[in-house]
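> starting from these lines, generate the structure:
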Amino acid sequence: MALRWYPLLWRLRPARPRAAVARAQAPAAASPCTCEAPRPRLGPAAAWRPDPQLPAATLRAWIEAAESDERTERKRTDRKSLRAVTLQGRAAWLKRYEAPRGFAALRHLFRQPRAARAFQAARALEARGLPTPPPLGFLALRGFAGRHGPSWFVYEAIPGTLDLRRRAERDGDRWTPLARARLARALARLYLRLLDAGLVHADFKAENILVFEEDPLPRRFLLIDLDGLRFDPAPSRYAVARNVVQLHDALGGCSGPLDRAVFLRRLTPVFPWLGEPAVLRRLDRWTRRRNPRVPPCAPSSS
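Residues are numbered from 1 along each chain as shown. Below is the predicted model of the structure:
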């Protein structure tokens, strides 16, 4: 298992002293855990920013009409799907989360639906000035005894964007080493901004970072897939290391040893332990275990 080398202490030990991140503390109203809409134990929960008074039944009818067109589907897995839709004249992405089953249903019973968490997290990013597509609304259904049913998160479609992984696979061979180093520094700045805001993205990888096609080299980013975002002003070493590995894994062969060394050098002033040779070797093994295409990254001095 890729996580087996991490001692339990890494899951509990802060990645940096809590005193160093006191400025990341935010008012409760801005926390992703704050829900703008009531949370009924039974029946649907919904929010629609363009019209806060919109009934949940109306939003549900719009979503069902959009899902009836199979041509709008762009991605599907067992647990979620993504569609490019138009709701009331607005170009948007409609993300559906299927109802949790088995043990996941019990675990989610005492949590907000995933679509509601994604909506709240996007609002939290906006409140902190972090880049994300504007969230439009969410709808969450409940079943028997308050169990979670399917839920939907709607966010605005930004023209001329695609995810960083596809952009790297398409254009990465044409980027010079200097350009890739600039991209690594820009991604490190984005990641540190997120941590400085007291937020941790549970799935910080290239597929969840949108870039603009008009930029010769990606320099403007939009964060998506936010249902795993959480407020944590002092994340553990494990959380930081996992994010580093996720990004390196997702960039694959388009992110060479030089790029990853540049990315890590930008993080080591904040997290000195990332520069330890033993940690670098373990991060390297973890990354290549997830994606064998990633070349080895030898520890380098700044």
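> what's the distance between the helix or strand containing residue 195 and the middle of its chain?
Assessed by DSSP states H and E, residue 195 sits inside helix 177-196. Centroid displacement of helix 177-196 relative to its chain, using C-alpha atoms, centre = their mean, to the nearest Å, is 16 Å.
> what do you get for stretch 74-83?
Its chain's average C-alpha position is 16 Å from that of stretch 74-83, according to C-alpha atoms, centre = their mean.
> how long is it end to end?
The straight-line separation of the ends of stretch 74-83 (C-alpha to C-alpha, to the nearest Å) is 5 Å.
> tell me the average confidence for that stretch?
For stretch 74-83, mean pLDDT is 92.
> please apply the same query to stretch 154-167.
94.
> give the buried residues for that stretch.
154, 155, 157, 161, 163, 164, 165, 167 (16 or more other C-beta atoms under 10 Å). For glycine as for every other residue, the C-beta is placed from the backbone atoms N, C-alpha and C.
> got it, and stretch 47-64?
Neighbour counts over stretch 47-64 (16+ other C-beta under 10 Å) mark 47, 48, 49, 54, 56, 59, 62, 63 as buried.
> ok, stretch 193-205 next?
The neighbour-count check on stretch 193-205 (16+ other C-beta under 10 Å) flags 194, 195, 197, 198, 199, 200, 201, 203, 204, 205 as buried.
> cool, and stretch 78-88?
80, 81, 82, 83, 85, 87.
> and the third one, that one's in a strand?
Yes: counting by DSSP: H, G, I helix; E, B strand; the rest coil, residue 82 is part of a strand.
> contacting residues around it?
73, 74, 75, 76, 93, 94, 95, 96 (C-beta atoms under 8 Å, 6 or more residues apart in numbering).
> and the residues you listed, which is closest to residue 228?
residue 95 (12.9 Å; C-beta to C-beta).
> so residue 96, which of the three states?
Quick answer, by three-state DSSP: residue 96 is strand.
> same question, residue 132
With three-state DSSP as the basis, the three-state label of residue 132 is coil.
> ok, it touching residue 125?
Yes: counting by C-beta atoms under 8 Å, residue 132 sits close enough to residue 125 to count as a contact (4.4 Å).
> quick check: residue 88 vs residue 112, distance?
Here the criterion is C-beta to C-beta, to the nearest Å. By it, residue 88 lies 25 Å from residue 112.
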